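Q: Here you go, sequence then predicted model.
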Amino acid sequence: MCSIFYICQSIRYYETIRNNITINFLPGLLSAQIWKRYRKQVTLGVGATNFFGDLGGGDDIGTKDFTDVDIAATRMTINAGFKYQLTKNFTARANLTWGLLRGDDKFTDEKFRNQRNLNFRSNIWEGSIMGELYILQNSRNGSFRLRGIRGNNGLKMDIYLLGGVGLMYFNPKGQLPNGDWIALQPIGTEGQGLPGQKSKYNRTTLTIPIGIGIAKSIDRYWTIGLEIVYRNTFSDYIDDVGGNFYDTEAIIKANGGDRSIEPLISSGVNGNGIQGEKRGGSDSNDSFMTGTITITKKLLARRRSRPKF
């Protein structure tokens, strides 16, 4: 009887040790390896943009950063991307973003901007390469089930920082009193392209996206999240405004005498921009911010088949 009792106690002891190892150590071991089966991911995001530049903005002189948010100028953005997880805490990402940027001096009560009375909108297309650094790691992939014991290790929530570099195309247009939208860069609204003046600006610019994101696991394959990304550009002409007023008549003459473009060149409710006076700030480049709701699908890698003999 003593031997049987000793054997039973030993079995219980080893089962306790096994269960403790399973619950406390196995999830970490699994999550340390299982993520490798989900390296490839595709993502889609839908959200809003807000432009920080010379036009529109809050009821203050433009600051060209997130303190100059203009709710009335908020517009839509869509992005799609492919992710590849390089390590457990770092993911590389290729992204394509479309968005609409908007700015209008009528949206602000700041005196100079309001009297300037200029406006723009622009479709943007950006291709970017970014990295995601996870500061709090989702462990959904660390879920396990072993001989009737089921568990999950971790937060089920990602918090990550992201940053990278992109190339963006933009094409600002201004609205005429009759409602038509006209491309502004070909006009040369600050005298660009005229003799003795600088050339017309390039409608392609580099961008530096930086931001933060959170993601919540729905199941092993799907996550939903939110990203806030600030993009600094290397152009002061996303809104076509960045220098001084030029001779309105000279610009009209260079555009075949078309006087319908005058409201896009001159300033003020009465259209009385004075040559040489400040039209916009040239001390910093334009920027914008996006906020998107994202959904991501993890692509399960196939296991390599073992060789048959």
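A: Okay, I see it.

Q: quick one, what contacts Phe51?
A: Residues in contact with Phe51 (Cβ atoms under 8 Å, 6 or more residues apart in numbering) are 70, 73, 101-103, 238-239, 286, 288. In short, each C-beta sits where N, CA and C put it, glycine included.

Q: likewise Leu264?
A: Applying Cβ under 8 Å, 6+ apart, the residues near Leu264 are 118, 174, 176, 182, 184, 187, 189.

Q: Next one: it relative to Ile124, how far apart?
A: Distance, Leu264 to Ile124, using Cβ to Cβ, to the nearest Å: 20 Å.

Q: does Ala250 sit in a helix, a strand or a coil?
A: Recorded secondary structure, Ala250: helix (DSSP: H, G, I helix; E, B strand; the rest coil).

Q: Model confidence for it, exactly?
A: Ala250 is assigned 92 on the pLDDT scale.

Q: Skip the chain neighbours and tell me the closest residue to Glu227.
A: Gly213 (4.0 Å; Cβ to Cβ, 6 or more residues apart in numbering).

Q: strand partners of the helix or strand harbouring the one you found, parallel vs antiparallel please.
A: Using DSSP states H and E, Gly213 maps to strand 204-217. Its sheet considered, strand 204-217 pairs with strand 157-170 (antiparallel), strand 222-233 (antiparallel) by DSSP bridges.

Q: which one of these lies closest to Asn89?
A: Smallest distance to Asn89 across the strands paired with strand 204-217 (Cβ to Cβ): 8.7 Å, for strand 157-170.

Q: Give me the helices and strands touching the next helix or strand along the chain from the closest one, please.
A: The first helix or strand that comes after strand 157-170 along the chain, using DSSP H and E, is strand 173-175. Packing partners of strand 173-175 (3 or more Cβ pairs under 8 Å, 6 or more residues apart in numbering; DSSP states H and E): strand 119-136, strand 181-183.

Q: So which bits of the first one are buried?
A: Burial within strand 119-136, assessed by neighbour count using 16 or more other Cβ atoms under 10 Å, is assigned to 119-122, 124, 126, 128, 130, 132, 134.

Q: Remind me what it packs against, helices and strands.
A: Packed against strand 119-136 by the contact rule (3+ Cβ pairs under 8 Å, 6+ apart) you find strand 90-104, strand 157-170, strand 173-175, strand 204-217.

Q: What mean pLDDT does the second one get?
A: Think strand 157-170. pLDDT averaged over strand 157-170 gives 96.

Q: Check the last one too.
A: This predicted structure assigns strand 204-217 an average pLDDT of 96.

Q: In terms of helix, strand or coil, where does Glu262 fall?
A: The three-state assignment at Glu262 reads helix, by three-state DSSP.

Q: residues near it, how many?
A: By the measure other Cβ atoms under 10 Å, the count of residues near Glu262 is 16.

Q: So it is in contact with Glu249, correct?
A: No - using Cβ atoms under 8 Å, Glu262 makes no contact with Glu249, being 9.3 Å away.

Q: Low-confidence regions, the stretch 151-300 of the chain specifically.
A: Applying pLDDT under 70 to the stretch 151-300 of the chain flags residues 151-155, 267-276, 282.

Q: Go again with 90.
A: For the stretch 151-300 of the chain, applying pLDDT under 90 flags the ranges 151-158, 177, 196, 217-221, 242-248, 263, 265-284, 299-300.

Q: Need the max-distance pair from the contacts of Phe51.
A: Asp70 and Ile238 (14.1 Å).

Q: I am finished for the moment; much appreciated.
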